[in-house]
Structures are given as C-alpha cells and as structure tokens.
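*Asks:* Kindly return the folded structure for what I paste below:
(3 chains)
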Amino acid sequence: MKQHTLFGETKESDAGNESIVTLPPSNLPSFIPSEAGMCKFDLSFTIAATGKDLTSDSTVGIALCKEKGKAYYVPIRHSQGLNLTDALNIIKSYLEDTSIAKIGHNLKHDILMLRKEGVHVKGIIYDTMIGSYLLNSNKPDHSLENVALEYLLYKKRSYLEVIGKHHSFADVPIDEATLYAAEDAELAMELKELLFKKLWDEGLEGLYFNMEMPLIYVLADMEEAGIKIQRDRIRQLSKELDEELIKLRQKIFLLSGEEFNINSPKQLSKILFENLGLKPLKKTKTGYSTGMDILEELAKSHDLPGEILNYRTLFKLKTTYIDTLPVLVNKKTGRLHTSFNQTVTATGRLSSSEPNVQNIPIRGPWGTKIREAFVAEEGHILLSADYSQVELRILAHMSNDSGLIEAFKTNVDVHTRTAADLYGIPKEAVTQDMRRTAKTVNFGVIYGISPYGLSDTLKISPKEAGLFIGEYFKKHRSVQKYIEETLVSARTNGYVTTMLGRKRLTPEINSSNALTRQQAERMAINSPIQGTAADLIKIAMIGIWRRLKERGLKTRLILQIHDELLLEVPENELREVKNLVKYEMENAISLSVPIKVEIGCGKSWAEAH
DNA sequence: GCCGTCACG
DNA sequence: ACGTACGTGACGGCA
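*Replies:* Predicted coordinates for the structure are as follows:
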C-alpha cells in the first residue's frame, strides 16, 4: 500500500498499537517523552478553520511543520486543492501515529475539530498555550498572537486581515492560505522549544507532561460527550417563571408608586433612595449600591427591597439558565456541550463556558427544578462524586496543624470543633448559630482572613471579628505559622506554589500601597490551597479516565465542578464504577489526613448530588 | 466595552 | 481616612 509522506520519512506500520497515552500509574514526575527517545520526531500542526462561531466552524485545511522553514498545508475543504479522502488519509498517517509527538497551540480545540472529520489524534502532545499558562497563570490571554508576541517578539498578522475581502478562509488563494497556516504551525514549533526550556528550568515539566497534557484528552472526551437535558421540562419552568415574574413586577410597581426598569440599578436607586427616602449604605463607582447585602439590610425597614431581591433571583434564573440552556443544545447530538477552559484561572482550577456548567443553580426550589432537567441517557445513571471539605483537609496537611489533623482523623464535624475552640466550650454545647459563625471563620482562613472581611460577612464589628481571628490562631498556631511562612516565601521568591509545584506569581506582594499589598497577600494564602485542590481533582480525573479505558467500560466523565465529578454510567457498570471513582479520587495524592468522597446516584443531577 | 449584579465552588 | 474576604462566567443596562 502506498503511503503519503510529506517529509520523506519512512513509515513502519504499527498495527495494533491502540494506546492513547502511556504514563506512569500515578503521581508526578519522572518522564519526558521525546527526551526519552520515544518519538521519531516532533510535528507541529494547526487547523485553519472558517472562523465564525464554533458551532458552524469547519476545517478548511491543516498545516504541518516538522522543522522551521519546512511546513506543509494540506487543504481539506479549501476551494482549491485535494480530494477530501486523500487529504484526510495524509493527515491521519501523521496525527494518528503514536510514534510522532504533536505540537500545537490550544490542542483540545484542534483535536475536537479533527474528530468531527474522523481523525483521532493520538500519542504524546505538547500544547504551547498551556506551557504559557503554567509559566504565568496571571495572564488573561494565552492566545497564539499574545504568546508569540511575548516570547518570540513576533507580531502575527490578524486573521481578519488574511480573510480580507474574501468570504471565508476557504476562499483565500491557496498560496496565501499556506503561508498563513504554516506560520502558525511554525510559531508553535518555535514556542515549544523556548517554553519547554523555561518549564524545565522552573521545575514545571512534571505538571506539564503528567497532568496538563493528559488532561487535554480527558477534557476533550468530556466536551464531546456533553450532557442530556430535558428541554420540555425547562420550557415548562419558563412558563411558571413568567407567571411569577409578572406578579412580582406588579407588586413592585405598587410598592414603588411608579413603573420603572427594575433591572437598572440606576433607576432602582432613584426609587429607593430618592422617592422612598431609604438610607444608602454603600457606594459603588457609579452610584449607590443596590447589591444583595444592602437590599437585605434595607428589607428590615421596607417591603420593597425584599421583593426586588425575589424578582432578581427569578429574573437571573430565567435569563441565564432557563431561556439560554435549551438554545445551546447541539442539534446533532441533542446534548449540551460546554467548553472546559484549561488556561483561565490564576489558581489552576478549570473554568467552564458556553454554557458555564459550574454555576448551575442548586439552592432553593428553583435550583432543584433546574437540576432535575439534567438527566442521564436511557439505560444510564448519573453518578456524582464530591470531595468533602477538601480545602480544609489540604490546609490541615499543608500547615501540619495537630488540631485540624486530629479533627479529620477522628471524623468529627470540623466546623463544630472550630466553634468549640472559638467559644471555649465543649462540642456538645455548640449551637447552630455558633457552628455557622465557625464555618465562616474556617472559610475565611482559606481566603486569607482579615477583620474587615470577616466583619462584613458576619455583620459584626471589625473588633469582634478580630477577636474571633485571634482566638482561632491561638488554637491553631501551626496555621498561623504556615500563613506567615507562605507570605515570607512569596515576598522573597515572588511566587507561591501548590503541593504539586504549580506556581502563581505574586508581583504585588511587596507593593507600597497597603490595599494592593494586602490583596496580594490574600491571594498568596488562598492560591496554594485552592490550587492544590485543583491539582488533586485533575489527577483523579486522569486516573478515572485511564481506569475506565483499561477496563473497557462505557462510563463517561461528563462534568467537573471544582470539587465534584459527574459521570454518566450504564446501569450494569454502576457498582464497579462507584468503587473505581471513589478509589481514584481518595487516593489521587496522599495527605496526612484522610480524603473523603461522597457518592450519589440518580436519574437526574438533582437526585445524584 | 465596562459596570453592577449574582449564579456556582 | 482609608475599607476587601478567594476563584470564576453571563446577563442587562448604559455610555
């Protein structure tokens, strides 16, 4: 059989090699693929697409680059060029070959686009976008334009410039298209060399190769899988909400004495603070604040603020979820496909967009109703697995605080224990109110506590808040010491790290502006904790994904919500998958306290969680 | 395009 | 006098 080759290499057939990625069974570092001589060569590639919005995106061509100055453009759906099948066969012979390492910028996107063409990228990958992210997670933009500008001092021509007066990329003359697409592939190849060295210098190579790169495949599968929602159920909710909103509007206008746009904070301010003469409690940049905490306070002296809050709740649920989710259901799959963004957050968490599946309502009756519309496919069950108090457990481990460690080892309620400490009473005497206060303090510690922040949340004076904080640190000297050490290290190194070595730069930590400096200090305290929790669940996701593949199970990971994983499980796999998921999550890394995962199952997300 | 607001962890 | 809890994304209003 004749093999297409672009670079003149000889290609041995590797029939039967079905492995996707093969990495050590658990944890980091150890093994750098192309350095270990596992790959024949590195190949940089990039997809040229029609652009527009993602749903109607279609692949026009693919550029392949083996070394600088040596790149090819394979037209797939270009107005001029190859027959589609021939083109795809050439592409497959490279991108499905596990003995070739692939380089790209935002590979998950390209991998997913190619899957729609029946091309399944396999093997070792290097994503330069994620390289840039690991080097500085504070940057808001890791696009190829930006990264090439920062590291190569190269100003790319904009996509719109290339399209020019043509209708789409498919109509750009093929010579020009080749230059443009090949340039992207070349840039990624150059960036890989440069960023790779920097990652190695900073000790980030383990995180890169053993966590973020494998995770690309996991996230691609999750996005591709999507989740089923019951559209008729949501439409029903929309009708109910409409009726409620109409009633609320009338009530509000009656209380206000006039009609106005309730959604306009400016118009609302006039009603509240001018017409009704209520006391404005806080200012924003543009006027008086009408935020939730303020309206809750004002609700004590007038009926209107409470109704405004009710209105806002329902309006939010309707516009952001009820009316939007059905529109985003994919026509082909009938399911909802989010994007999991791997290079957005400063701490190492994922984010989710279009739609954001990480902020689907859960509280209140409407939260339940909305989550009831997220369901398992026929013959399947949704399984939700939740880390319990994961950030506090991580704090216990990182600070090595004997009190916290003992609390988790003996499985007592940690907030109740903190309450007993704070009030100096036995656990049995702790009231619900005391426990709630202690819970807020525990969260506060993770957020980089301050008397002002705590007083604001607890609605007590900063002085009282300061007493709580003092009492907490008296009982948890190790936590206090840990925080101080973290700050010292941030000040001297200019960054903080997670347990797995993920970095967050802290450029403002020595600022002469106290406000700026204190803000940087809170970030420096919070990031190692939030970031370690992010590392933990990422390792668990890769572990689960591998085990599922190993055992040939049909179960799919569907969603990640920071400390929760949602899986869609065929009924007959449920028992096995429950154990598998719990094990991988609880043993992803080893702490000096147990890691606890709670599992729930059901036909809907509401039932499972 | 920014601001205020609010949904989630 | 100053005055913030950490991390996100999406909406409507308004320049």
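*Asks:* In contact with the residue in chain A positioned nearest to DNA strand C, which residues?
*Replies:* Going by Cβ to the nearest atom of the strand, DNA strand C is nearest to residue A:444 of chain A, at 2.0 Å. C-betas here are computed from N, CA, C, even on glycine. Residues in contact with residue A:444 (Cβ atoms under 8 Å, 6 or more residues apart in numbering) are A:453-454, A:457, A:469.
*Asks:* Among the residues you listed, pick out the one closest to residue A:372, please.
*Replies:* Lowest distance from residue A:372 to the contacts of residue A:444 (Cβ to Cβ) belongs to residue A:457, with 31.0 Å.
*Asks:* Just the buried ones from the contacts of residue A:444, in ChimeraX syntax?
*Replies:* A single ChimeraX command selects the buried members of the contacts of residue A:444 (16 or more other Cβ atoms under 10 Å):
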select /A:453,454,457,469
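*Asks:* Close to DNA strand C as well: tell me which of the contacts of residue A:444 qualify.
*Replies:* Checking the contacts of residue A:444 against DNA strand C by Cβ under 7 Å from any atom of the strand, the ones in range are A:453-454, A:457.
*Asks:* Dump the residues you listed to CSV, plus secondary structure and pLDDT.
*Replies:* Below are these laid out as CSV (DSSP: H, G, I helix; E, B strand; the rest coil; pLDDT from 0 to 100):
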residue, secondary structure, pLDDT
A:453, helix, 95
A:454, helix, 96
A:457, helix, 95
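*Asks:* Tell me the one of those nearest DNA strand B?
*Replies:* residue A:457 (11.3 Å).
*Asks:* From residue A:291, how far off is that closest one?
*Replies:* Residue A:457 sits 13 Å away from residue A:291, taking Cβ to Cβ, to the nearest Å as the criterion.
*Asks:* Ok, residue A:369 next?
*Replies:* According to Cβ to Cβ, residue A:369 stands 25 Å off from residue A:291.
*Asks:* So between those two, which is more surrounded?
*Replies:* residue A:369 (19 against 12; other Cβ atoms under 10 Å).
*Asks:* need the contact list for that one.
*Replies:* Neighbour list for residue A:369: A:237, A:606 [criterion: Cβ under 8 Å, 6+ apart].
*Asks:* Send me the helix or strand it falls within as CSV with only the CA atoms.
*Replies:* Here residue A:369, judged by DSSP states H and E, is contained in helix A:364-372. Extracted C-alpha coordinates of helix A:364-372, given in CSV (Å, rounded to 0.1, in the frame of the first residue of the first chain):
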residue,chain,number,x,y,z
GLY,A,364,-33.7,26.9,46.7
PRO,A,365,-36.7,25.2,45.0
TRP,A,366,-35.8,26.6,41.5
GLY,A,367,-32.3,25.2,41.8
THR,A,368,-33.7,21.8,42.4
LYS,A,369,-36.1,22.2,39.5
ILE,A,370,-33.3,23.2,37.1
ARG,A,371,-31.0,20.3,38.2
GLU,A,372,-33.9,17.9,37.7
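*Asks:* after it, next one along is what?
*Replies:* As assigned by DSSP H and E, the chain's next helix or strand after helix A:364-372 is strand A:374-375.
*Asks:* Output the contacting helices and strands for that next one.
*Replies:* Counting by 3 or more Cβ pairs under 8 Å, 6 or more residues apart in numbering; DSSP states H and E, the packing neighbours recorded for strand A:374-375 are strand A:228-229, helix A:605-608.
*Asks:* go with 10 Å
*Replies:* strand A:228-229, helix A:231-256, helix A:605-608 (3 or more Cβ pairs under 10 Å, 6 or more residues apart in numbering; DSSP states H and E).
*Asks:* Select, out of the ones you listed, the one closest to DNA strand B.
*Replies:* Of all these, it is helix A:605-608 that lies closest to DNA strand B, at 10.7 Å by Cβ to the nearest atom of the strand.
*Asks:* Identify the residues contacting the residue nearest the centre of chain A.
*Replies:* With distances taken as Cα atoms, centre = their mean, residue A:350 lies nearest the centre of chain A, 1.7 Å away. By Cβ atoms under 10 Å, 6 or more residues apart in numbering, residue A:350 lies in contact with A:215, A:219, A:339-344, A:358, A:534, A:537-538, A:541, A:560-562.
*Asks:* Equivalent analysis for residue A:126, please.
*Replies:* Residues near residue A:126 by Cβ under 10 Å, 6+ apart: A:33-34, A:42, A:44, A:101-105, A:107, A:188-189, A:191-193, A:195-196, A:199, A:208-209, A:213.
*Asks:* same thing with residue A:400?
*Replies:* The contact partners of residue A:400, taken as Cβ under 10 Å, 6+ apart, are A:478-479, A:481-482, A:592.
*Asks:* For it, give me the pLDDT.
*Replies:* Here the pLDDT value assigned to residue A:400 is 98.
*Asks:* Number of residues surrounding the closest residue to residue A:394 other than its chain neighbours?
*Replies:* The shortest distance from residue A:394 to any non-neighbouring residue, by Cβ to Cβ, 6 or more residues apart in numbering, is to residue A:532 (4.9 Å). Residues lying near residue A:532 (other Cβ under 10 Å) number 25.
*Asks:* My guess is residue A:532 contacts residue A:392. True?
*Replies:* No. Assessed by Cβ atoms under 10 Å, residue A:532 is found out of contact with residue A:392, at 11.8 Å.
*Asks:* Given the helix or strand harbouring residue A:74, what are its sheet partners and their directions?
*Replies:* For residue A:74, the enclosing helix or strand under DSSP H and E is strand A:70-75. Take DSSP bridges as the rule and strand A:70-75 pairs in its sheet with strand A:59-67 (antiparallel).
*Asks:* tell me what the lowest-mean-pLDDT helix or strand in chain A is packed against?
*Replies:* Within chain A, no helix or strand scores below helix A:159-163, which has a mean of 85 by mean pLDDT, DSSP states H and E. Helices and strands touching helix A:159-163, by 3+ Cβ pairs under 10 Å, 6+ apart, are strand A:41-49, helix A:174-201.
*Asks:* Pull out the buried positions in that helix.
*Replies:* Using 16+ other Cβ under 10 Å as the test for burial, helix A:159-163 gives A:162-163.
*Asks:* Dump the C-alpha coordinates for it into PDB.
*Replies:* The C-alpha trace of helix A:159-163 is given here as PDB (Å, rounded to 0.1, in the frame of the first residue of the first chain):
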ATOM      1  CA  TYR A 159      -7.000  36.500  10.900                       C
ATOM      2  CA  LEU A 160      -9.300  39.200   9.700                       C
ATOM      3  CA  GLU A 161      -6.500  40.700   7.700                       C
ATOM      4  CA  VAL A 162      -5.900  37.500   5.900                       C
ATOM      5  CA  ILE A 163      -9.600  36.900   5.100                       C
END
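*Asks:* Contacts (any at all) between DNA strand B and it?
*Replies:* No. Residues of helix A:159-163 are not located near DNA strand B by Cβ under 7 Å from any atom of the strand, the shortest gap being 13.0 Å.
*Asks:* Need the contact partners of that helix.
*Replies:* With Cβ under 10 Å, 6+ apart, helix A:159-163 has contacts from A:48-51, A:145, A:156, A:169, A:171-172, A:176-177, A:179-181, A:183-184.
*Asks:* So which of those residues sits lowest on pLDDT?
*Replies:* residue A:51 (66).
*Asks:* one step back: nearest to residue A:373 among the ones next to DNA strand C among the contacts of residue A:444?
*Replies:* Distance to residue A:373 across those (Cβ to Cβ) is lowest for residue A:457, with 32.2 Å.
*Asks:* Break chain A into its domains for me.
*Replies:* Per the record, chain A has its domains at A:2-202, A:229-336, A:351-359+A:376-389+A:534-608, A:391-528, by automatic domain parsing.
*Asks:* Throw the ones you listed into JSON lines and include distance to residue A:223, thanks.
*Replies:* What follows is those, written out as JSON lines (distance: least, Cβ to Cβ, whole Å):
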{"stretch": "domain A:2-202", "distance to residue A:223": "6"}
{"stretch": "domain A:229-336", "distance to residue A:223": "10"}
{"stretch": "domain A:351-359+A:376-389+A:534-608", "distance to residue A:223": "10"}
{"stretch": "domain A:391-528", "distance to residue A:223": "23"}
